[in-house]
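# structure, please.
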Amino acid sequence: MKILNLHGYHASAQNSSCLALEKQGFSVISPQLDYDKESPKEILMQLVQLYDSENCHAVTGSSMGGFFAFQVAAVKQCPAVLINPCLNPFQTLPEIGFENRDFIMQYIELFSNLSKLNLEKTFAIIGEKDTVIKTHDFLKYLLGLEHCVLIPNGGHPGSSLPLYEIFEDYAEEFFANNSENC
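The predicted structure is shown next:
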């Protein structure tokens, strides 16, 4: 099974989730993205094309990559694993000094795609000590706790989460049960 993996803001394509998925035996496509230079709409278009051209079956994303993972999942109606996802980059990015208003307006526009996300095919891994993302309570409400793995001592970085163990326990069955017709 091939999975599109999306890294966080100013992070590496070879992130913790990529390495954990590869260790589980999944084929992982993990592009290096530049969220500062490419517009959100361009990034989404490129990711959907990459998903199709690589014949992916699911998408994962960490932090900012979680935002784009839910975007791809909404378009492709495929399974998604969101790891401490940044659901509202239009609010979070300005808080850390991001100043491109055109991009912020695109994030606001793209946020509406959340209504197209197949919640039954979406799973979240949440570090409960994440001090960067402030929308985890909303995500737990949206998905329901049955679609969330909560890590009590987990922080924001994927390296603070037991991703290998979580993927070992849940990923293969989750992806297999939800990737038909994608």
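
# mind listing what's buried along the helix or strand of the chain with the lowest mean pLDDT?
In the chain, the helix or strand scored least confidently by mean pLDDT, DSSP states H and E is helix 172-178, which has a mean of 73. Neighbour counts over helix 172-178 (16 or more other CB atoms under 10 Å) mark 174-175, 178 as buried. C-beta: built from backbone N, CA, C; applies to glycine.

# now distance to residue 31 too, for these, in a markdown table please.
Shown next, in a markdown table, are the buried residues of helix 172-178 (distance: CB to CB, whole Å):
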| residue | distance to residue 31 |
| --- | --- |
| 174 | 22 |
| 175 | 19 |
| 178 | 22 |
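
# endpoints of stretch 116-130, how far apart?
Length of stretch 116-130, first residue to last, CA to CA, to the nearest Å: 26 Å.

# now tell me what touches the least confident helix or strand of the chain from outside.
With CB atoms under 8 Å, 6 or more residues apart in numbering as the test, helix 172-178 has contacts from 1, 3, 24, 26, 57-58, 78-79, 81, 120-121, 123.

# residue ranges with poor pLDDT in the protein?
176, 179-182 (pLDDT under 70).

# let's see that with 90 instead.
For the chain, applying pLDDT under 90 flags the ranges 1, 167-182.
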